[in-house]
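*Asks:* could you look at this predicted model? Sequence included:
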Amino acid sequence: MSKQNPAGGATAEQLKRNLAGKYLTFRLSAEEYGLEILKVREIIGLMEITSVPRTPHHIRGVINLRGKVIPVVDLKCKFDMGDTEDTDETCVVVVEAACVDRGSTQMGILVDAVSEVLDIQESQIEDAPAFGTGVDTHFILGMGKVNNAVKILLDIDAVLSNTDMAVIEGMGDTADAEVESEAAVV
């Protein structure tokens, strides 16, 4: 039986149990990653992405998804793995990400390919490895060991920095105003 730590937080065992569940897995280059399925709203094929000036390089731009403007982050670029090439397998995964001011916002993450939905059990999840103080791994929920392969389980809320979220929120406001003004002209 596990005990809570003196500060009242959950033990590592309890945290792992909370991480067990369904994950959408996807590929960035040769690596496999996973997102909690409850954070995923939909998966869409690559569509035209409108670039927005003066945004960080990893923010590819925005898409118009059924009248709603959704910012798109190139996850490979965000992780310093190069830019995502547009192929037949390239997808935009629309996720619900936590925002400091608005509770949550929808955004798209560009990935090389979507793999499958996996049910990852508590016994299959290990903590992120410790690389020392110079390597930031706070955005990794854990490492899922499935079928002799490792899936890096991401905390999508932590993947985006506060600065990214501020830029994305501003993009949405500006793009929504542009869509409304275009609709008024028509």
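*Replies:* Cool, got the structure.
*Asks:* alpha carbons only for contacts and neighbour counts from here, please
*Replies:* Will do.
*Asks:* what's in contact with stretch 125-132?
*Replies:* For stretch 125-132, contacts defined as C-alpha atoms under 8 Å, 6 or more residues apart in numbering pick out 16, 19-20, 137, 140-145.
*Asks:* try it again at 7 Å.
*Replies:* Applying C-alpha atoms under 7 Å, 6 or more residues apart in numbering, the contact partners of stretch 125-132 are 16, 140-145.
*Asks:* and those residues, which is closest to E116?
*Replies:* E116 lies nearest to G144 out of the contacts of stretch 125-132, by C-alpha to C-alpha, at 13.8 Å.
*Asks:* and the helix or strand where the closest one lies, which strands flank it?
*Replies:* Secondary structure assigned from DSSP states H and E places G144 in strand 140-146. For strand 140-146, the paired strands and their directions (DSSP bridges) are strand 125-126 (antiparallel), strand 149-154 (antiparallel).
*Asks:* C77 belongs to a strand, doesn't it?
*Replies:* No. Secondary structure assignment places C77 outside any strand; it is helix (DSSP: H, G, I helix; E, B strand; the rest coil).
*Asks:* that one is in contact with D83, isn't it?
*Replies:* Yes. Using C-alpha atoms under 7 Å, C77 is in contact with D83, at 5.0 Å.
*Asks:* which residues does the residue nearest to the spatial centre of the chain contact?
*Replies:* Central residue check for the chain by C-alpha atoms, centre = their mean: the C-alpha nearest the mean position is that of I156, 3.8 Å away. Residues touching I156, when contacts are defined by C-alpha under 7 Å, 6+ apart, comprise A97.
*Asks:* where does pLDDT dip in this structure?
*Replies:* Applying pLDDT under 70 to the chain flags the ranges 1-17, 100-102, 131-136, 161-186.
*Asks:* go again using 90 as the cut-off
*Replies:* Confidence mapping of the chain against pLDDT under 90 gives the ranges 1-20, 97-105, 127-140, 147, 157-186.
*Asks:* how about the helices in it?
*Replies:* When assigned using DSSP state H, the helices of the chain occupy the ranges 12-19, 75-78, 156-159, 162-185.
*Asks:* and the strand holding G144, how far out from the chain middle?
*Replies:* In terms of C-alpha atoms, centre = their mean, to the nearest Å, the centre of strand 140-146 is found 15 Å from the chain centre.
*Asks:* what comes up buried for that strand?
*Replies:* Of the residues in strand 140-146, those with enough neighbours to count as buried (16 or more other C-alpha atoms under 10 Å) are 140-145.
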